[in-house]
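A.B. asks: I need the structure of the sequence given here:
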Amino acid sequence: MTRLGYGTLDTVPAQVARPNRTAPPTTGIVHFGPGAFHRAHQAAYIDTLLDGEPGWGIAAVSLRSAGTVAALTEQQGLYTLAIRDIAPAYRIIGAHSRFLAPDDAEQTLALLADPAVRLVTTTVTEKGYCLTADGTLDLSHPDIVHDLAAPAVPRSVIGWIIAGLAARQTAGIAPFVVMPCDNLANNGAKVRAALIGFAQAHAPDLATWIATHVRVPGTMVDSITPAADEALYADVAEVLGVEDRAAVQREAFAQWVIEDLDDPVCAALGRAGATLTDNVAGYEQAKLRILNGSHSTLAYAGLLRGHASVADAMGDATLAGFIDAMIRDDIIPTLPPVAGLDLDGYRSAVLARFRNPAIVHRLEQIAADGSQKIPYRLGDTLAAHRAQGRLPRHVLAALGCWIAFLMQRARAGVPILDPAGSVLADLAATGDARAVLARLIAARLGFSGALAEDSEAAQSIALAAQAAFDGDWATALSG
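C.D. replies: Here you go, the predicted structure:
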């Protein structure tokens, strides 16, 4: 079958949206990490911007493998975005202009030094920034050690950004804006500090220049993006009539929240549909507690009740009603107002997303790494209520479901997918829920030591956990 490209756009059915260009755009952005999320999310915003403002094309740079950029190259940067919803939709994205693999270091550096490049974005996962547990640059990380010794041939994204900024400082060119797009809390400040920290160890005058001139806005991104597979490729080929081996898929909902630094780059992304705000942290907190807290609750309670996906779990009227009540009664009251964010509207949108039957989001995937997620997704809401002397019954029950999940897995001999999985299995292998909770508190896994002094909250968690483990759901979810 013929591959998708600018030469085959005219053969694609008219109902499929497409760019109004006949060739790749001019480069104005360099992006590190052109995986599925970037192509389904940020690139769709840029594609919209390009319809009215040329010059924002994206040079896709892969630091680890050449597969994605090879597929993009073969299709002149074009690919299909399949929107998975009750009413599916298809859109051809043409936001990419250049495609650079790990071996294209010289071309990458030249682009970073090009005055036409105004923005550098990244989706390299949290670990790709080479940070320590406290969020500072890990100067002992092998990639950072390499980049400090050989700055002309970087391995890390931090090293690459520094190389580009150093070239611009030397040439007297204004710096580009740096915009991390991974959901790392306070990502802008952390990446800015990492860049300055690297430069201080490499060239102190560059560190001063970065601290004075380089803008690194914080961001939050959100859209469920399942991995591409052969079923997606076959579906897209049937709809388009041409083959597309770079197609991606996501839900209809997409959100890009950007710290408004009163910069022309931020303003342009605002025109593309991004939300500009002086309170990214408020959006982050709402997402963490409302969306992520509910996701974790659905995962643990849903798996215990025999469900496999988020949509399956939301088809369980008892569980869906519990989740709605938890958000409305326990979570939203702990969130301060955020300009531009309707919290009740966000609640409704989250629940609608969870019910989307076209997105298969596995509960097993969401349930992983609970010891690291629970303190922030549910524990912070509990702490906010306890500081006011309140017992958030739904959140306490949700925490109990995590304990019941651990007990069930440990006693069935099923591995617990968590960095502390073997320890959690040992702690949950015997005894009743009260005993398991006491062990988890003592080990500081999922719960803070403060809960040891809060007998009222601990008792409620343990009662819900035991009921969920015993299958007494009327008691477990009584809220």
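
A.B. asks: so, low pLDDT: which residues of the stretch 351-479 of the chain?
C.D. replies: 479 (pLDDT under 70).

A.B. asks: quick one, helices of it?
C.D. replies: Using DSSP state H, counting those that start in this stretch, the helices of the stretch 351-479 of the chain run over 363-367, 370-374, 380-386, 393-412, 421-428, 433-442, 455-470, 473-476.

A.B. asks: packing partners for the fifth one?
C.D. replies: To tie it back to what came earlier, the one meant is helix 421-428. helix 393-412, helix 433-442 (3 or more Cβ pairs under 8 Å, 6 or more residues apart in numbering; DSSP states H and E). All C-beta spots, glycine's among them, are computed from the backbone N, C-alpha and C.

A.B. asks: how about the fourth one?
C.D. replies: When contacts are defined as 3+ Cβ pairs under 8 Å, 6+ apart, helix 393-412 sits against helix 293-304, helix 317-325, helix 370-374, helix 380-386, helix 421-428, helix 433-442, helix 455-470, helix 473-476.

A.B. asks: and the last one, how far out from the chain middle?
C.D. replies: Mean C-alpha position of helix 473-476 versus that of the full chain (Cα atoms, centre = their mean, to the nearest Å) differs by 33 Å.

A.B. asks: ok, now the fourth one?
C.D. replies: With Cα atoms, centre = their mean as the basis, the distance from the averaged C-alpha position of helix 380-386 to the chain average is 24 Å.

A.B. asks: show me what that helix is packed up against.
C.D. replies: For helix 380-386, the helices and strands in contact under the criterion 3+ Cβ pairs under 8 Å, 6+ apart are helix 393-412.

A.B. asks: now do the helix it packs on and helix 455-470, the angle between them.
C.D. replies: With axes from the mean of the first three to the mean of the last three Cα atoms, to 10 degrees defining the directions, helix 393-412 sits at 50 degrees from helix 455-470.

A.B. asks: buried stuff in helix 393-412?
C.D. replies: Residues of helix 393-412 classed as buried: 393-410 (neighbour count, 16 or more other Cβ atoms under 10 Å).

A.B. asks: any chance of the helices and strands packed on helix 421-428 in a markdown table, plus distance to residue 189?
C.D. replies: Below are the helices and strands packed on helix 421-428 laid out as a markdown table (distance: least, Cβ to Cβ, whole Å):
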| stretch | distance to residue 189 |
| --- | --- |
| helix 393-412 | 29 |
| helix 433-442 | 32 |
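
A.B. asks: to residue 159, which of these lies closest?
C.D. replies: Nearest of those to residue 159, taken as Cβ to Cβ: helix 393-412 at 38.9 Å.

A.B. asks: the closest one vs helix 421-428, what angle?
C.D. replies: Counting by the same axes, to 10 degrees, helix 393-412 lies at 100 degrees to helix 421-428.

A.B. asks: and the angle for helix 393-412 with helix 433-442?
C.D. replies: Using the same axes, to 10 degrees, the direction of helix 393-412 lies 100 degrees away from that of helix 433-442.
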